[in-house]
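Chemist: I'll drop the sequence and a predicted model, then ask my questions.
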Amino acid sequence: MGWNRCFALVAVIALVFSWYPLPVGSAAPAHTWVVATALDGVGGTLRSAILWANTHGGPATIEFYINDCPAGVCTISLNSALPPITSTHSVTITGYTQPDAELAEGLSPAELKIVIDGNGYDCFTIHSANHVITGLVIQDCENGVTISGSAATGNVIAGNHIGTDVSGNAAVGNRRHGVYIRNGASLNMVGGDEPAERNVISGNQYYGVWIEWETSGYNTVSGNYIGVNSGASLDLGNGYSGVHITDGSHNTIGGDTAGERNVISGNDHYGVYIRGASASLNVVSGNIIGGAYDQADDVPNSLDGVRIAEGAHDNTIGGDATDERNVIVGNTGDGVSILGSATYSNVVSGNLIGVNVGDWTTLGNTNGVHIFSGAHDNTIGGNRYTGEANVISANDQDGVRIEGAATYGNLVVGNYIGTGQTGNSDVGNSRDGVAIIDGAHENTVGGDTAAERNVISGSSSSGVAIYGAGVISNTVSGNYIGITADWPGSTALANGTYGVFLGQGACDNLIGGDVVAEGNVISGNALDGVRIAGDANQDNVVSGNRIGQAASISSNVPNGGDGVRILDGAHLNRIGGATAGQRNIISGNGLSGVSIYGIRTMTNTVIGNYIGTDAGGTLKRGNALYGVYIGNVAQDNRIGGSSAGERNLISGNGQDGVRIEHGATDDNVVSGNYIGTNASGTAALANSWNGVRITAGARGNTIGGNAPGMGNLISGHLGTDWAGVRIDGMGTMNNVVIGNRIGTDASGTASLYQERGVYICDGAMYNLVGGSASGERNVISGNFTGVELDGAETSYNRVRGSYIGLTASG
């Protein structure tokens, strides 16, 4: 139970079982006053007893033994506020001495027989230390119990019904607060860790418990039912928050044992609200917030389960031990909300948010966690292996939402989002797993260790969605997105649309990283692994990820659509990078590896990736259609580059390695890649159709280049209709194929046989194969046919300056 209050409540409980009722008019034992009347005045009254205790000069106990009470329940109706308790010695006021009163036991509520009806006046006010109030029904007061001032320490409020009737099943609220701790009061206890210490604090017109003032600290509220009935199953809400902390610090709501658990549900505003610049180092742990005690049903708080705002900082919601876990479910608002530009460094860890223990009931909040209005540098989660993971699932909108132009520096790490508690079952959020929107910037989802990995799977929309004007410089790294947590990460647990969605306005965001540990596994999602869409979307980087592959073994876990799709005018985005750590493995997906699509979708770069192979670049793990697809007026995009680090390996795919198609799909460059071979360029690893196909009116595209390193290696493609490079269709014109090795190995000295080197057909015109400068020379050798032009309307094409049937040395 904690601190010096233990002796006091133990003594009270002992009195309940050892006290013998005194005959009326008998002298009470020393230090004990027996209240023998329900009147409020002088002579044997509660009021007189408090006045006596204040001047008694030693510890005092006030007991009740009142005869002739209707139905055994005695009601003391106040005519004015009771005098404050000011004694410098401990005073215990216990209603459990009244005949037939019984302590709560297990889940059975207390049987209380003494009612203090305040008639709108303040009932109990404590200004000094080490007092106990227990066994009373405290109703219709201004405030039920007020503990005020720096001298008010070590007081215990336990085993009462505050704001209800005798049964604890109907509201008879106090007109302001149930328990009010203020003005520097500290080290006080409301409740305890035993059923007998449980308060029911419900039905009050304002707050159930309010802790106010900068120096009001180290108070504990534990083991109570706040906002619910005495069975913790029905709504009996306080009018505002269940527990409200304004500027207080080092207070504990709940605890780290099952007995210290509060049920804080059914309140008309928030379950717990922590606010103010001095509100720091408070802990909310081990509670049920928004649900019934049995966790089978929700008893919603009408707004958020927990709200942290107005500059509150360094507070903890949850913890790393099982019994520190809050179950935050069913709230009409968000499970946890953190807001305000001065609200920072709060931690939400180890909680169940939207699901109960065992995942057997899903009781979603609106959003699981919502960070907005400038809140910054808060942490959601922690070390996944030491109990700090939150399970944030089954919520009605997003699992985690980070929102607003000044909202930055927040960390979402080590959580299970959209899954059950082991990360292996589908308990999806109804929208996105994580949404970073509307200007939020420099937030991080994941990290570079397994302990920091989020499992973000099973949600109805995207695993991670980043969109809105000013959404910049966010990082998503080291996560499993669309698969289960179990090794080897080969089981899909799909998000309903995309693994990662970068929407309109998203700029300078990083998906993955520069080293292997920062890469995400983005696999098993219903549509695309990564989708980048919108003409205000630019300068994003997708690097170091496994997209369509298992986490730890060479196995396909397909995304249903493309591995990466860039469309709707997105531009200046980079897929991959020039170092091994930036390499994406984009393989096994249901459509293409990378798709670049649509008008004004331009100047995107795809470099350094393995597309259609395993991570070693030796085995086929093909995407079902194309390795890279560029179409529908996408322009000025670059696939590959001049350095070995920028080289893509595009092999093993189900149709073409690279396809470029449609009229006005112009000025794209495919250079420096290995297409249809293994990573070393020594053996065929063919795409099933063509290495590169330009078709359906695409114009002005370049395959290769005239500078060192710009030429592609395109080899190994078999089949009567296929070629290393195929250019076909009416209107497909002015494309250039220069500087490549087509049909050979990387050295240009050995054959990696394919049906045709270059095939121009079906009316394609004005295309150029080779050139007059040595850098424009293709080596087209080792093929059944080097260059074939076919069709009556296939005209005005030029083949020049190439080595056909020769080695690279001529």
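Modeler: Everything's here; your move.
Chemist: ok, now how distant is Gly743 from Val736?
Modeler: The gap separating Gly743 from Val736 is 19 Å, by C-beta to C-beta, to the nearest Å. From N, CA and C alone the C-beta is placed, and that goes for glycine too.
Chemist: which one of these two has more residues nearby?
Modeler: A side-by-side neighbour count of Gly743 and Val736, using other C-beta atoms under 10 Å, places Gly743 first with 34 against 20.
Chemist: now do the same contact list for that one.
Modeler: Going by C-beta atoms under 8 Å, 6 or more residues apart in numbering, Gly743 touches 714-715, 724, 751-754, 757, 780-783, 786.
Chemist: which of those residues are buried? Put it as a ChimeraX command.
Modeler: Here is the ChimeraX command that picks out the buried ones among these, judged by 16 or more other C-beta atoms under 10 Å:
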select :714,715,724,752,754,757,780,781,782,783,786
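Chemist: mind listing which of the contacts of Gly743 are in strands?
Modeler: When DSSP state E is applied, the contacts of Gly743 are split such that Ile714, Gln754, Gly757, Ile780, Asn783, Gly786 fall in strands.
Chemist: pick out the most distant pair among these.
Modeler: Using C-beta to C-beta, the two most remote members of the ones in strands among the contacts of Gly743 are Ile714 and Gly786, lying 12.7 Å apart.
Chemist: confidence score at Asn229?
Modeler: On the pLDDT scale, Asn229 is placed at 99.
Chemist: no no, Ser349
Modeler: With respect to pLDDT, Ser349 has a value of 99.
Chemist: where in this protein is pLDDT low?
Modeler: Residue ranges of the chain with pLDDT under 70: 1-30, 359-360.
Chemist: that older thread, how about the ones in strands among the contacts of Gly743 in JSON lines, adding distance to Asn479?
Modeler: What follows is the ones in strands among the contacts of Gly743, written out as JSON lines (distance: C-beta to C-beta, whole Å):
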{"residue": "Ile714", "distance to Asn479": "35"}
{"residue": "Gln754", "distance to Asn479": "39"}
{"residue": "Gly757", "distance to Asn479": "43"}
{"residue": "Ile780", "distance to Asn479": "44"}
{"residue": "Asn783", "distance to Asn479": "44"}
{"residue": "Gly786", "distance to Asn479": "48"}
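Chemist: now do the helices in this structure.
Modeler: All helices of the chain, identified by DSSP state H, fall at 6-18, 46-55.
Chemist: and Leu527, what is it in contact with?
Modeler: Neighbouring residues of Leu527 by C-beta under 8 Å, 6+ apart: Thr497, Tyr498, Asn559, Gly560, Gly561.
Chemist: what is the nearest of those residues to Trp52?
Modeler: For the contacts of Leu527, the residue nearest Trp52 by C-beta to C-beta is Thr497; the value is 71.8 Å.
Chemist: separation between that closest one and Gly482?
Modeler: With distances taken as C-beta to C-beta, Thr497 is found 11 Å from Gly482.
Chemist: ditto for Arg176
Modeler: Distance of Arg176 to Gly482, given as C-beta to C-beta: 51 Å.
Chemist: so those two - more neighbours on which side?
Modeler: Gly482 (35 against 20).
Chemist: Glu403 contacts Asp438, doesn't it?
Modeler: Yes - taking contacts as C-beta atoms under 8 Å, Glu403 lies within contact range of Asp438: 5.3 Å.
Chemist: more neighbours: which of these two?
Modeler: Shown here are Glu403 and Asp438; by other C-beta under 10 Å, Glu403 has more neighbours (21 against 18).
Chemist: which residue is the nearest non-sequential neighbour of that one?
Modeler: Nearest residue to Glu403 in three dimensions, chain neighbours excluded: Phe372, at 4.1 Å (C-beta to C-beta, 6 or more residues apart in numbering).
Chemist: likewise Ala321?
Modeler: Counting by C-beta to C-beta, 6+ apart, the residue nearest Ala321 is Asp256, at 5.6 Å.
Chemist: wait, that neighbour sits on Gly286?
Modeler: Yes - here Asp256 reaches Gly286: they are 6.2 Å apart, a contact under C-beta under 8 Å.
Chemist: looking at these two, which one has more neighbours?
Modeler: Under the criterion of other C-beta under 10 Å, the comparison of Asp256 against Gly286 puts Gly286 first, with 29 against 19.
Chemist: name the nearest residue to the more buried one, ignoring sequence neighbours.
Modeler: Distance criterion C-beta to C-beta, 6+ apart; nearest residue to Gly286, sequence neighbours excluded, is Gly254 at 4.0 Å.
Chemist: with Gly503 instead?
Modeler: Spatial nearest neighbour of Gly503, chain neighbours left out: Tyr467 (2.9 Å); criterion: C-beta to C-beta, 6+ apart.
Chemist: the one you found reaches Phe501, doesn't it?
Modeler: Yes - under the criterion of C-beta under 8 Å, Tyr467 makes contact with Phe501 at 6.9 Å.
Chemist: okay, the two: which has more neighbours?
Modeler: Here Tyr467 and Phe501 are compared on neighbour count by other C-beta under 10 Å; more neighbours surround Phe501, at 24 against 21.
Chemist: list the contacts for that one?
Modeler: Neighbour list for Phe501: Asp432, Ser461, Ser462, Val464, Ala465, Ile466, Tyr467, Val530, Arg531, Ala533 [criterion: C-beta under 8 Å, 6+ apart].
Chemist: identify the bridge partners of it.
Modeler: Ala465, Arg531 (DSSP bridges).
Chemist: how about the strands of the stretch 51-200 of the chain, start to end?
Modeler: Taking DSSP state E, counting those that start in this stretch, the strands of the stretch 51-200 of the chain run over residues 60-64, 74-77, 91-94, 114-117, 124-126, 132-134, 137-139, 145-148, 156-158, 161-162, 179-182, 189-191, 200-201.
Chemist: redo those as TSV? Include distance to Thr332 and mean neighbour count.
Modeler: Formatted as TSV, those follow (distance: least, C-beta to C-beta, whole Å; neighbours: other C-beta atoms under 10 Å):
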stretch	distance to Thr332	mean neighbour count
strand 60-64	40	25
strand 74-77	35	19
strand 91-94	38	26
strand 114-117	32	24
strand 124-126	33	26
strand 132-134	33	27
strand 137-139	27	28
strand 145-148	29	26
strand 156-158	29	29
strand 161-162	24	33
strand 179-182	24	27
strand 189-191	25	29
strand 200-201	20	34
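Chemist: okay, those in CSV with distance to Asn690 next?
Modeler: Output for the strands of the stretch 51-200 of the chain, formatted as CSV (distance: least, C-beta to C-beta, whole Å):
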stretch, distance to Asn690
strand 60-64, 94
strand 74-77, 91
strand 91-94, 89
strand 114-117, 88
strand 124-126, 85
strand 132-134, 84
strand 137-139, 83
strand 145-148, 81
strand 156-158, 79
strand 161-162, 78
strand 179-182, 76
strand 189-191, 74
strand 200-201, 74
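Chemist: Ile126 touches Pro84, doesn't it?
Modeler: Yes - assessed by C-beta under 8 Å, Ile126 is found in contact with Pro84 at 6.9 Å.
Chemist: residues in contact with the residue nearest in space to the middle of the chain?
Modeler: Taking C-alpha atoms, centre = their mean, the centroid of the chain lies closest to Val400, which sits 3.7 Å from it. For Val400, the contact set (C-beta under 8 Å, 6+ apart) comprises 367-371, 380, 392, 412, 415, 417, 433-435.
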